[in-house]
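Visitor: with the sequence up front, the predicted model follows.
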Amino acid sequence: MTDSYRAPDTSHRYVLDLVRSADRDRFLAALFAPEPARRGLLALLAFDHELARTRTVTREPLLARIRLQWWREAAAEAAGSGKPRAQPIVESLSETARRHGLGAEALVALIDAREEEIEGPLDVVRAGHALADLQVGVLGVGGGETQTAARAVATAWLMGEGPERDSLLADARARKDKVDPAALPILLPALSIDRALGTWRRPLAYWWAAKRGRY
């Protein structure tokens, strides 16, 4: 692991503003993580957002694959030792990957999962697990129960309403007494999946749940 690279403050600000506007619920949850893990979680959410945008940026499969190949190369740079390309998300992701020891293969796993959306439905389990594994790495919360709960919440986040989603959330919550409390910033979004939280109520609900160790 090396944390010698530091992304420009402007890149971190860009990432923060992007996630705050595009992924409000998970943005709020990430704020409960201490620095530098907070920056790391935001970088991962911005990265995931950019990958998910591929399906809307272009409807031409070839162009979509070229775009994701660009991100594969950027991910390799982010996890490497050289200077990453000058793009805000890549720069912030580079600091995150090197500080927390995230390998290129873990970053590429998320890209590969998102590639399935180009010409078919997203494998929500594969995509959810890939993101959760990266988030767990940033928080340094290893352990079977914690990872299982994180994967369940990340997968449920990608699903529509239904018994399968309800089952995942129930399974994640059943593990609340066994998960590492440091994982709450990636588990709190469960609150927004199966209940309606108003704009002003949401931050308070997250704060109260975090205080009680619930999600």
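Guide: In hand now; what should we look at?

Visitor: pLDDT below threshold where in this protein?
Guide: Within the chain, the set of residues satisfying pLDDT under 70 comprises 1-3.

Visitor: need the longest helix for it.
Guide: helix 61-78 (DSSP state H).

Visitor: so what does it touch, helix or strand wise?
Guide: In terms of contacts (3 or more Cβ pairs under 8 Å, 6 or more residues apart in numbering; DSSP states H and E), helix 61-78 is packed against helix 37-52, helix 54-57, helix 88-100, helix 104-115. (Glycine included, C-beta is placed from N, CA and C.)

Visitor: out of those, nearest to Ala7?
Guide: Nearest to Ala7 among these is helix 88-100 (4.0 Å), distances taken as Cβ to Cβ.

Visitor: can you list the residues that contact that closest one?
Guide: 1-8, 10-12, 14-15, 18, 36-37, 39-40, 42-44, 46-47, 50, 74-75, 77-79, 81, 84, 102-104, 107, 137-138, 140 (Cβ atoms under 8 Å, 6 or more residues apart in numbering).

Visitor: circling back to that earlier point, do you know which of the helices and strands packed on helix 61-78 lies nearest Ala174?
Guide: helix 37-52 (23.9 Å).

Visitor: what angle do the closest one and helix 104-115 make?
Guide: Here the directions of helix 37-52 and helix 104-115 differ by 40 degrees (axes from the mean of the first three to the mean of the last three Cα atoms, to 10 degrees).

Visitor: show me what helix 37-52 is packed against.
Guide: Using 3+ Cβ pairs under 8 Å, 6+ apart, helix 37-52 is in contact with helix 9-22, helix 24-30, helix 61-78, helix 88-100, helix 104-115, helix 124-139, helix 184-187.

Visitor: out of these, which is the most enclosed?
Guide: helix 184-187 (a mean of 27; mean count of other Cβ atoms under 10 Å).

Visitor: I'd like the next helix or strand past that helix.
Guide: Going down the chain from helix 184-187, the next helix or strand is helix 190-193, by DSSP states H and E.

Visitor: export that next one as CSV, just CAs?
Guide: Provided in CSV are the C-alpha atoms of helix 190-193 (Å, rounded to 0.1, in the frame of the first residue of the first chain):
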residue,chain,number,x,y,z
ALA,A,190,-30.7,1.0,3.5
LEU,A,191,-32.9,3.5,5.4
SER,A,192,-33.8,5.2,2.1
ILE,A,193,-34.4,2.0,0.1
